[in-house]
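Peer 1: What follows is a protein structure lacking sequence information:
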Ligand SMILES: O=C(O)CCC(=O)C(=O)O
């Protein structure tokens, strides 16, 4: 399987419309890949809170249209990262879109864990409630999560319980916590015996330098590829069957003890 992670630079000197056109062209250039992955909220930048409202779009808005066409032009599965989605009631969500090689929407996922504590995304956007997996016929099952979700192992366990073998994590992770990003991507891969494809942004928006350093980790925790800090296309080839082999050879997932009593005392 060949995957390309497009680590897009999100800077304020480029308009949302210009970036959308540029990213669509980059996706088209990935013809021949099986899966292409974009970062979180790459139209505005994940920290551009003041831009969310103006840039919000219905699920089937301009980013949906551009990415559906780019996926079918390239003939690739496309995890198009996330967009600020406005639902029919006016509520915003951080919503990921996954397209099939025919350009059909295979899945959408509203980010469950919103970042910002008492400000930013956490107050501006609603929370998703449903973990999402996507079956790529004859290949593997994707489990999707977004940025801050990476800190919550129980979500990833739910995805694995639903059959996920490749965990895809678009992000807009800040440079100041880059060490956490790398560590958590490896931890989620090791504990779930799954591939992790984590695609971040580069550049600086809203005064927040982005970490870049998109990363692909195999089910044994080995880093197969890692980007640098700037805009980059990270391409990697791997065998999804390694998930089943790893889980068979080192069957730790089978030793899970569920439903423990709360500690006494
Ligand atoms: O958890 C972090 O350190 C970063 C999370 C984040 O930036 C996000 O979810 O947008």
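Peer 2: Noted; the coordinates are in hand. What you are looking at is a predicted structure, and each value in this text was computed from that prediction instead of being measured. Residues are numbered from 1 along each chain as shown.
Peer 1: who touches the one residue in the stretch 151-265 of the chain that gets nearest to the ligand in this structure?
Peer 2: Closest to the ligand within the stretch 151-265 of the chain is residue 177: 4.2 Å, counting by CB to the nearest ligand atom. (Each C-beta comes from the backbone N, C-alpha and C, glycine too.) Residue 177 sits next to residue 211 when contact means CB atoms under 8 Å, 6 or more residues apart in numbering.
Peer 1: I'd assumed it was in a helix, is it?
Peer 2: Yes: under DSSP: H, G, I helix; E, B strand; the rest coil, residue 177 falls within a helix.
Peer 1: There's contact between residue 124 and residue 51 in this structure, I believe.
Peer 2: No: Residue 124 lies out of contact with residue 51 (CB atoms under 8 Å); the separation is 10.6 Å.
Peer 1: Look at the closest residue in space to residue 44 that isn't next to it in sequence and say how many residues are nearby.
Peer 2: Using CB to CB, 6 or more residues apart in numbering and skipping the chain neighbours, the partner closest in space to residue 44 is residue 51 (4.3 Å). Look at residue 51: counted by other CB atoms under 10 Å, it has 18 neighbours.
Peer 1: Please tell me how far residue 51 sits from residue 261.
Peer 2: To residue 261, residue 51 is 47 Å away according to CB to CB, to the nearest Å.
Peer 1: ok, then the element right after the host helix or strand of the residue nearest to residue 44?
Peer 2: Take DSSP states H and E as the rule and residue 51 turns out to sit in helix 49-55. Using DSSP H and E, the helix or strand that follows helix 49-55 in sequence is helix 62-74.
Peer 1: Near the ligand, which residues of the stretch 1-150 of the chain? Just list them.
Peer 2: By the rule CB under 6 Å from any ligand atom, the part of the stretch 1-150 of the chain lying against the ligand is 46, 115, 147, 148.
Peer 1: By neighbours, which of those wins?
Peer 2: residue 46 (33 neighbours).
Peer 1: how about the nearest residue to that residue, chain neighbours excluded?
Peer 2: Residue 46's closest residue in space is residue 172 (CB to CB, 6+ apart), at 2.7 Å.
Peer 1: OK, contacts around the one you found?
Peer 2: Counted by CB under 8 Å, 6+ apart, residue 172 has contacts 10, 39, 40, 41, 42, 45, 46, 47, 147, 200, 201, 210.
Peer 1: For this protein, just list every one of the helices.
Peer 2: 16-28, 49-55, 62-74, 121-124, 153-161, 178-192, 241-249 (DSSP state H).
Peer 1: what about these, which gets the closest to residue 103?
Peer 2: helix 62-74 (3.1 Å; CB to CB).
Peer 1: can you pull the contacts of the nearest residue to residue 78 once chain neighbours are set aside?
Peer 2: Once flanking residues are discounted, residue 78 sits nearest to residue 71: 3.9 Å by CB to CB, 6+ apart. Contact partners of residue 71, counting by CB under 8 Å, 6+ apart, are 27, 36, 77, 78, 80, 99, 100, 101, 103.
Peer 1: where's residue 71 relative to residue 24, distance?
Peer 2: Residue 71 is 10 Å from residue 24, by CB to CB.
Peer 1: what's the answer for residue 16, then?
Peer 2: 13 Å.
Peer 1: And for residue 73?
Peer 2: 8 Å.
Peer 1: try residue 222
Peer 2: 33 Å.
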